[in-house]
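> below is the sequence, then the predicted model.
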Amino acid sequence: MKHRRIPRRRAVVAGASVAAFAVAALTLQNANAAPAGPDTLSVTAAGELATGLTASLGDDAAGSYYDAEARKLVVNVVDRDAAERVRDAGAEPRLVEHSLARLDAARATLKAKATIPGTSWAMDPRTNTVVVTADRTVRGAGLARLDKVADSLGDRVQVRRSAGAFRPLIEGGDAIWGGGGRCSLGFNVVKDGQPYFLTAGHCTESISSWSESQGGPEIGANEGSSFPGDDYGLVKYTAEVEHPSAVDLYDGNTQAIASAGEATVGQQVQRSGSTTQVHDGEVTALNATVNYQEGTVEGLIQTTVCAEPGDSGGSLFAGDTALGLTSGGSGDCSSGGETFFQPVTEALSAYGAEIG
């Protein structure tokens with residue numbers, strides 16, 4: 001199949017448009033750090049070590065995070081024997097009060113008793129607590145209910161307020177269009193040898209056919225969609241357009257996306273979207289829950305990266321590794337806020353697709 005290149009000014013599939021498809025140059029910890037020594041780890045190695053240690057430690061584990069400055073993996077544990085095992089494995093142990101099981105129990109209570117639109121929660125390994133955020137729409141009886149449940153969980157939970165409002169970031173504009181709205185393309189993928197792209201599920205729930213411009217000819221049609229619960233969708237290309245595994249850096253350059261990976265707390269990341277282009281920040285939590293007005297989404301990556309309406313579906317990445325798809329959040333790129341991302345590995349697994 002011959003694929004034409006879409007002009008950059010028309011912002012499409014290769015990434016500029018919807019795409020959020022920008023992948024950045026190397027992240028700071030990779031670009032500026034010295035070669036790893038015996039006591040240091042790359043963020044990729046730290047993530048792999050964290051997965052193995054969490055499994056082997058079981059109830060003695062209480063989360064982990066990457067210290068980018070020291071290039072070390074910090075692993076929370078609840079007893080000294082576990083601390084020695086962590087140290088022997090090449091990570092830095094940290095004794096904390098609450099086990100991961102106790103924090104998960106607190107999350108379960110929040111889900112059962114405080115699933116209130118406008119709230120989110122995630123385990124914060126740095127504070128060894130579940131941080132609950134209530135946006136500006138949570139007030140009156142809803143806020144009183146949230147406070148009551150949080151109080152019953154004691155020091156396992158912290159509650160904070162957000163000046164913004166949690167919402168999926170879809171809006172009309174100039175990018176990937178369909179049915180009067182736009183989103184951002186996340187990553188080009190391959191399934192059964194055929195070209196597709198991933199975007200947010202709340203986008204594919206609202207829009208079934210996609211164009212590169214408002215009212216333009218179709219370039220793709222939905223093949224799969226999951227929202228709420230998850231937030232990912234799969235679109236099959238129906239037109240002969242170029243679909244490289246690369247992203248637009250919005251400076252005249254592109255970078256290849258070589259693989260998909262898992263995010264790590266403390267990791268420096270970048271996001272690209274059709275509204276605000278490229279912005280960076282840090283992963284602050286994994287397996288986050290967000291209660292949008294439209295429904296609850298679980299298992300998200302929480303970050304300090306900003307985003308705005310129209311950035312939905314756009315790519316979260318670190319260097320040449322795809323990490324997530326923009327789901328939603330609060331705030332904007334002038335005042336900040338938090339943004340949540342659907343892990344891309346889950347979407348790839350669900351559809352039997354791969355980066356390519």
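Good, I have the coordinates. Numbering: from 1, shown residues only.
> so where's the chain uncertain?
Low-confidence segments of the chain, defined by pLDDT under 70: 1-39, 170-174, 180.
> and the nearest residue to G266 once chain neighbours are set aside, bridged to which residues?
Once flanking residues are discounted, G266 sits nearest to Y66: 3.6 Å by C-beta to C-beta, 6 or more residues apart in numbering. No exception for glycine: its C-beta is placed from N, CA and C like everyone else's. Beta-bridge partners for Y66, by DSSP bridges, are L73.
> what is the burial count for Y66?
30 (other C-beta atoms under 10 Å).
> tell me who's in contact with it.
By C-beta atoms under 8 Å, 6 or more residues apart in numbering, the residues touching Y66 are L41, V43, A46, G47, K72, L73, V74, T264, V265, G266, Q267.
> which of those lies closest to E240?
Closest to E240 out of those is Q267 (36.9 Å), distances taken as C-beta to C-beta.
> separation between that closest one and V77?
21 Å (C-beta to C-beta, to the nearest Å).
> check G336 too.
Computed as C-beta to C-beta, the G336 to V77 distance reads 33 Å.
> so which of the two has more stuff around it?
Legend: neighbour count by other C-beta under 10 Å for G336 and V77, higher for V77 (26 against 15).
> in this structure that one contacts R87, no?
No - look at V77 against R87 with C-beta atoms under 8 Å: they stay out of range, at 9.9 Å.
> common neighbours of the two, please.
P93.
> give me the subset of the contacts of Y66 lying in strands.
Using DSSP state E, the members of those that fall in strands are K72, L73, V74.
> leaving out chain neighbours, which residue sits closest to the first one?
What that stands for is K72. Spatial nearest neighbour of K72, chain neighbours left out: E92 (5.0 Å); criterion: C-beta to C-beta, 6+ apart.
> what about that neighbour, distance to Y66?
Going from E92 to Y66 by C-beta to C-beta gives 11 Å.
> who touches both of the two?
Taking C-beta under 8 Å, 6+ apart as the contact rule, E92 and Y66 both touch K72, L73, V74.
> which among the residues you listed gets closest to L53?
Distance to L53, by C-beta to C-beta, is smallest for L73 among those, at 8.1 Å.
> show the contacting residues for that closest one.
Residues near L73 by C-beta under 8 Å, 6+ apart: L41, A46, L49, A50, S64, Y65, Y66, D67, G90, A91, E92.
> Y351 now?
Counted by C-beta under 8 Å, 6+ apart, Y351 has contacts V189, K191, Y196, E223, G224, L234.
> check the secondary structure at the last one for me.
This means L234. Put simply, L234 is strand when judged by DSSP: H, G, I helix; E, B strand; the rest coil.
> which residues does it form beta bridges with?
L234 forms beta bridges with L198, G224, as assigned by DSSP bridges.
> and what of the first one?
Going by DSSP bridges, V189 is paired in beta bridges with Y196, I355.
> G356 is in contact with that one, correct?
Yes - here V189 lies in contact with G356, judged by C-beta under 8 Å, at a distance of 6.5 Å.
> between these two, tell me which one has more neighbours.
V189 (25 against 17).
> show me the contacts for the more buried one.
Contacts for V189 (C-beta under 8 Å, 6+ apart) come out as P195, Y196, F197, L198, L234, L348, Y351, A353, E354, I355, G356.
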